[in-house]
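In: Quick one: sequence and predicted model below, then my questions.
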Amino acid sequence: MPRPVRGDAISTPQLLIHHDGELLAKAVAARLVTRLVDAVAAKGQASVVLTGGGIGTQVLAELAVAPARDAVDWRQVEIWWGDERFLPTGDPERNETGARAALLDHVDVRPARVHPMPGPDGADGASPEAAAERYASALRAAAQPQDRGGVPGFDVLLLGIGPDAHVASLFPGLPALYEQDRTVVAVRGAPKPPPVRLTLTLPAIQAAHDVWILASGTEKAGAVRLALSGAGPVQVPAAGARGRQQTLFLLDKAAAAEVPAQLGRLASP
C-alpha cells in the first residue's frame with residue numbers, strides 16, 4: 001500500500017448506511033453543509049474535492065436545493081476535483097460540467113476559488129501529462145506551511161466507487177497506483193471511456209482530513225466489500241482511499257449488502 005503522506009496516520013473506515021440512494025444523497029448533502037460551515041468558522045475558509053458519477057452529482061443537486069445551503073459562506077470555499085475526463089471545457093462528460101449544473105451555478109462561489117482540471121483546450125493543449133503537472137502546481141501553490149505532501153489539507157474529499165473498486169480515475173492495476181511522489185497524474189488507457197483522464201494519486205487523497213466514499217446500488221456491493229477487506233490498493237484502489245482524520249463509507253442498503261452487519265451502522269430507517 002502506498003505510504004501515508006510523510007508519516008501521517010490514516011484513519012479506520014466507518015460505515016453509515018442509509019435506506020436508499022435518495023436518502024443517502026440528502027444525508028451526505030446535509031453532512032457536507034455542516035462540515036463546510038464548521039471549517040469556515042474555525043479557519044476562515046474551507047476546501048472540498050468533488051467527484052462525479054451518479055451519486056456524487058446527486059449529492060450536489062440535493063445540496064443546491066437544501067434549506068441549509070446558504071449557511072455555507074461559499075465565497076470562502078475552495079473547490080477542487082479528484083479526477084476529470086480529459087475533454088474540452090463544457091463537454092457534458094466532464095465532472096466539472098455536471099458539478100456546475102448541479103450546484104456551482106447556483107451558489108455564490110468566487111470563480112478564482114473554483115479549480116477545474118484542465119482539458120485539451122487548456123494552456124497545455126493535447127498533453128494530459130502537462131495538464132496534470134499544471135494541476136499539481138496549482139495544488140502546491142494553494143498548500144499552506146502546515147500542509148503536507150504538496151497539496152492543501154482538504155477538509156473533505158468526496159469519492160465515488162466503481163464496480164471494479166476504482167476511485168477517482170485510479171483503476172485496478174494501472175501504473176498510477178504505484179505513484180508515491182506525484183500528486184496528479186495522467187491516465188491513458190482507462191478501461192472506462194473516455195480512456196484519457198487526470199487523477200489525484202493515492203498520496204494526494206490520503207492528505208485529506210476527511211475522505212468520504214459514496215456508493216449506491218447493488219452493482220457497488222462487491223466493490224464496497226473488497227474495499228473493506230484489507231486487500232491491497234493496486235488491485236482494489238478504494239482500499240487505499242483513506243483520510244488522515246476520518247474515512248466514511250456512506251452507503252445505501254443495496255451497496256452495503258455484502259458488508260458484515262457488525263461493520264455498519266444504520267443511519268436512517
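Out: Cool, got the structure. Numbers count the residues shown, from 1 in each chain.
In: Ala66: what's it in contact with?
Out: Lys26, Ala29, Ala30, Val33 (Cβ atoms under 8 Å, 6 or more residues apart in numbering). For the C-beta atoms, the positions are set from N, CA and C on the backbone; glycine is no exception.
In: Contact partners for the closest residue to Ala136 other than its chain neighbours?
Out: Of all residues not flanking Ala136 in the chain, Val184 sits nearest, at 4.2 Å (Cβ to Cβ, 6 or more residues apart in numbering). Contacts for Val184 (Cβ under 8 Å, 6+ apart) come out as Met117, Ala132, Glu133, Tyr135, Ala136, Leu139, Leu198, Thr199, Leu200, Thr201, Ala204.
In: at 7 Å instead, please
Out: By Cβ atoms under 7 Å, 6 or more residues apart in numbering, the contact set of Val184 is Ala132, Tyr135, Ala136, Leu139, Leu198, Leu200, Thr201, Ala204.
In: For the stretch 101-250 of the chain, which segments count as strands?
Out: With strands called from DSSP state E, counting those that start in this stretch, the stretch 101-250 of the chain shows them at 156-160, 184-187, 197-200, 210-215, 246-252.
In: Looking at the ones you listed, which one is packed in the most?
Out: For these, average neighbour numbers computed from mean count of other Cβ atoms under 10 Å are highest in strand 197-200, which has a mean of 30.
In: same for that strand, what does it pack against?
Out: For strand 197-200, the packing partners by 3 or more Cβ pairs under 7 Å, 6 or more residues apart in numbering; DSSP states H and E come out as strand 83-85, helix 128-142, strand 184-187.
In: now the ones you listed as JSON lines including distance to Thr57?
Out: Shown next, in JSON lines, are the helices and strands packed on strand 197-200 (distance: least, Cβ to Cβ, whole Å):
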{"stretch": "strand 83-85", "distance to Thr57": "14"}
{"stretch": "helix 128-142", "distance to Thr57": "21"}
{"stretch": "strand 184-187", "distance to Thr57": "21"}
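In: Of these, give the one that comes closest to Gly153.
Out: Closest approach to Gly153 among the helices and strands packed on strand 197-200 (Cβ to Cβ): helix 128-142, 10.2 Å.
In: Pull out the buried residues from the closest one.
Out: The neighbour-count check on helix 128-142 (16 or more other Cβ atoms under 10 Å) flags Pro128, Ala131, Ala132, Glu133, Arg134, Tyr135, Ala136, Ala138, Leu139, Ala142 as buried.
In: nearest spatial neighbour of the second one, skipping sequence neighbours?
Out: Spatially, and ignoring its direct neighbours in sequence, Ala131 is nearest to Pro118 (4.0 Å; Cβ to Cβ, 6+ apart).
In: Surely that neighbour touches Ala126?
Out: No - Pro118 lies out of contact with Ala126 (Cβ atoms under 7 Å); the separation is 10.9 Å.
In: more crowded one of those two?
Out: Neighbours were counted for Pro118 and for Ala126 using other Cβ atoms under 10 Å; Pro118 has more, 21 against 12.
In: who's in contact with that one?
Out: Asp124, Ala131, Arg134, Tyr135.
In: As JSON lines, the buried residues of helix 128-142 with pLDDT would be great.
Out: As requested, the buried residues of helix 128-142 are exported to JSON lines (pLDDT from 0 to 100):
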{"residue": "Pro128", "pLDDT": "98"}
{"residue": "Ala131", "pLDDT": "98"}
{"residue": "Ala132", "pLDDT": "98"}
{"residue": "Glu133", "pLDDT": "98"}
{"residue": "Arg134", "pLDDT": "98"}
{"residue": "Tyr135", "pLDDT": "98"}
{"residue": "Ala136", "pLDDT": "98"}
{"residue": "Ala138", "pLDDT": "98"}
{"residue": "Leu139", "pLDDT": "98"}
{"residue": "Ala142", "pLDDT": "97"}
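In: Now do the end-to-end distance for stretch 95-111.
Out: The straight-line separation of the ends of stretch 95-111 (Cα to Cα, to the nearest Å) is 17 Å.
In: what does stretch 250-257 contact?
Out: Against stretch 250-257 from outside (Cβ under 7 Å, 6+ apart): 15-21, 24, 28, 212-218, 220-221, 224, 264.
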